[in-house]
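>>> The sequence and its predicted three-dimensional model are supplied below.
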Amino acid sequence: MGSTRPTAAEDSARQDTAPRRRGPVVAALMLSMALAALDSTIVSTAVPQIVGDLGGFSVFSWLFSGYLLAVTVTLPVYGKLSDTFGRKPVLVAGACVFLLGSLLCALAWNMAALIAFRIVQGLGGGALQGTVQTLAADLYPLEERPKIQAKLSTVWALSAVAGPAVGGVLAGYADWRWIFLVNLPIGALALWLIVRHLHEPARKNAARARVDWAGALAVFACGGVLLTALVQGGVAWPWLSAPSLGLFAAGLVLAAVVVVVERRAAEPIIPGWVWRRRTIAAVNLALGALGLLMVAPTVFLPTYAQSVLGLGPVAAGFVLCVWTLSWPIAAAHSQHLYRRIGFRDTALLGIGTAALILFAFPFLPYPGEAWQPALLMLLLGAALGFFQLPLIVGVQSTVGWSERGTTTASVLFCRQTGQTVGAAVFGAVANGVLAARLGGAGDLDSLTRALDAGPAPESARHAIADAVHAVYLGAASAAALAFVVLLCVAPRRFPVLPAD
């Protein structure tokens with residue numbers, strides 16, 4: 001199925017959001033993006049206070065896993081709904097659900113209730129992430145999209161870095177419940193700006209639209225089961241245990257159910273054209289690999305900085321956060337390159353450079369200086385800025401308004417899924433290397449806690465360095481895979497619609 005040219009209603013939407021009217025809407029999008037980014041990280045430093053108040057230490061990891069699962073599995077659903085009913089109702093509904101979940105989290109009376117309310121938050125967070133990215137493409141023509149995407153990338157990066165610090169301050173000097181209450185005024189302002197200033201033309205067929213609720217339920221169930229198996233496997237139970245194998249088996253059965261239901265649906269949640277079109281399929285796979293490789297620096301670099309380099313938490317955080325400086329800057333300037341050589345070749349240049357940088361990490365001297373991994377992270381952020389943004393802008397420009405929400409959601413879904421798979425795979429790789437180096441003496445988490453408690457043998461630090469090096473080699477392989485996918489699957493010139 002080919003993309004259709006934008007209708008008069010879409011042209012009207014573009015004209016109705018003239019530059020003088022975009023400001024409040026862009027502010028709302030940035031606030032919404034900040035909420036989604038902050039909530040992914042702000043809870044991390046408050047876990048001791050939360051567990052001390054509510055108990056439930058054995059299941060506290062679900063504060064993060066539950067939110068991640070809810071966001072990931074709802075992305076395709078919200079994407080299709082935004083194409084059917086418009087971006088505004090989906091964004092408003094998602095913001096309301098997110099704020100309701102935040103309020104309920106602040107009122108939680110035990111860990112089970114807090115986990116349940118975090119899932120409610122995630123159900124709204126999926127709408128925030130997907131619809132914000134789609135609206136950014138709706139509001140701006142192709143030549144202006146790098147600016148808004150760079151702004152959103154900057155907001156995401158700064159919020160993700162500031163989240164742990166803000167959470168620690170609120171938990172230490174106020175109360176952990178303020179971590180969730182602070183969302184209410186920010187979200188209320190974003191919601192007011194959206195309701196007041198975002199205007200979309202009425203969708204003629206929205207009242208008669210048939211929503212594929214069976215497909216939505218099947219996608220939600222399948223994604224939830226498979227992601228739970230990946231998140232909890234090797235953590236809550238061994239990979240080859242009955243719970244793990246049972247969840248994977250159930251996930252495969254549900255995947256077959258999704259295929260059957262979606263083939264029969266008149267308006268499927270995940271339409272087949274998402275994977276039949278070379279451009280969209282290639283971008284989905286490439287950004288899935290991006291999610292996979294991002295696990296190496298975001299999860300394992302802080303451990304390396306503290307356990308191997310001997311840095312404190314603040315200094316270790318700085319080593320990681322430098323890539324949030326170069327990423328949005330490179331993304332903003334990528335337009336000068338992809339206008340000359342195209343979206344695909346710009347992305348190939350970025351991911352090829354990223355693969356070389358990731359491959360260089362294991363060759364750093366031991367124990368080395370902090371500036372060495374920090375320099376690599378600065379270069380990695382720039383390389384990924386030239387990789388991700390051209391693909392997102394490019395793929396959004398190959399579809400019209402009525403398909404843009406579904407396309408954007410599929411891209412974000414693949415990236416989120418890649419991160420979940422990466423966390424499971426690289427965690428197993430790291431623990432396997434440690435077991436080989438230390439004769440099975442513990443996993444990465446227990447070993448780093450032992451190092452934090454006091455002096456440890458040099459062999460333990462060497463083992464952690466080897467484990468992180470192995471993870472970075474795996475991340476370099478993921479980058480190489482993305483390079484091959486783009487080279488072999490993506491067309492050299494993206495089929496951009498003339499109206500864009």
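Looks like it arrived, so ask away.
>>> hey, let's count contacts and neighbours off CA atoms from now on
Noted.
>>> What score does the closest residue to residue 495 other than its chain neighbours have for pLDDT?
Among residues not flanking residue 495 along the chain, residue 398 sits closest, at 5.6 Å (CA to CA, 6 or more residues apart in numbering). You'll see residue 398 listed with a pLDDT of 91.
>>> before we move on, what about residue 307?
79.
>>> Would it be right to say that the residue nearest to residue 495 lies in a strand?
No: under DSSP: H, G, I helix; E, B strand; the rest coil, residue 398 sits outside any strand and is assigned coil.
>>> residues touching it, list them.
Going by CA atoms under 8 Å, 6 or more residues apart in numbering, residue 398 touches 3, 494-497.
>>> can you tell me which helix or strand the residue most central in space within the chain belongs to?
The centroid of the chain falls nearest to residue 416 when counting by CA atoms, centre = their mean (4.5 Å). Counting by DSSP states H and E, the element that carries residue 416 is helix 401-438.
>>> what's the stretch of helix or strand residue 305 belongs to packed up against?
Using DSSP H and E, residue 305 sits in helix 301-307. Judged by 3 or more CA pairs under 8 Å, 6 or more residues apart in numbering; DSSP states H and E, helix 301-307 is in contact with helix 313-321, helix 444-453, helix 458-488.
>>> Tabulate the ones you listed in a markdown table, adding columns for distance to residue 438.
Shown next, in a markdown table, are the helices and strands packed on helix 301-307 (distance: least, CA to CA, whole Å):
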| stretch | distance to residue 438 |
| --- | --- |
| helix 313-321 | 25 |
| helix 444-453 | 10 |
| helix 458-488 | 7 |
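>>> Determine which stretch of these is the most buried.
Compared across those, helix 458-488 shows the largest average neighbour count, a mean of 21 (mean count of other CA atoms under 10 Å).
>>> for that helix, packing partners?
Packing contacts for helix 458-488, counted by 3+ CA pairs under 8 Å, 6+ apart, involve helix 278-295, helix 301-307, helix 343-360, helix 401-438.
>>> I'd like those helices as JSON lines, with distance to residue 381 appended.
Shown next, in JSON lines, are those (distance: least, CA to CA, whole Å):
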{"stretch": "helix 278-295", "distance to residue 381": "10"}
{"stretch": "helix 301-307", "distance to residue 381": "14"}
{"stretch": "helix 343-360", "distance to residue 381": "8"}
{"stretch": "helix 401-438", "distance to residue 381": "16"}
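>>> Residue 79: which of those helices is closest?
When the helices and strands packed on helix 458-488 are compared by CA to CA, helix 401-438 sits nearest residue 79, at 4.3 Å.
>>> I'd like the average pLDDT over that closest one.
pLDDT averaged over helix 401-438 gives 85.
>>> what do you get for stretch 198-206?
Rounded mean pLDDT across stretch 198-206 is 68.
>>> go on, stretch 56-72?
Stretch 56-72 comes out at a mean pLDDT of 79.
>>> what residue ranges in the chain score low on pLDDT?
1-21, 44-45, 57-58, 160-161, 202-209, 235, 313-314, 440-457, 499-500 (pLDDT under 70).
>>> Could you spell out which stretches of it belong to which domain?
According to automatic domain parsing, the chain comprises the domains 1-210, 212-266, 275-500.
>>> ends of the second one, how far apart?
From its first residue to its last, domain 212-266 covers 8 Å (CA to CA, to the nearest Å).
>>> That one: how far from the chain's middle?
Here domain 212-266 is found 20 Å from its chain centre; the criterion is CA atoms, centre = their mean, to the nearest Å.
>>> could you pull out the helices for the stretch 151-300 of the chain?
Counting by DSSP state H, counting those that start in this stretch, residue ranges of the helices within the stretch 151-300 of the chain are 178-181, 183-197, 213-232, 242-264, 273-276, 278-295.
>>> Quick one: closest of these to residue 346.
helix 278-295 (13.0 Å).
>>> Quick one: work out the angle between that closest one and helix 458-488.
170 degrees (axes from the mean of the first three to the mean of the last three CA atoms, to 10 degrees).
>>> Of the helices and strands packed on helix 458-488, which is nearest residue 23?
Closest of the helices and strands packed on helix 458-488 to residue 23 is helix 401-438, at 21.0 Å (criterion: CA to CA).
>>> from the middle of its chain, how far away would the closest one be?
Remark: helix 401-438 is offset 9 Å from the chain centroid, using CA atoms, centre = their mean.
>>> Equivalent analysis for stretch 173-192, please.
Worked out by CA atoms, centre = their mean, stretch 173-192 lies 22 Å from the chain centre.
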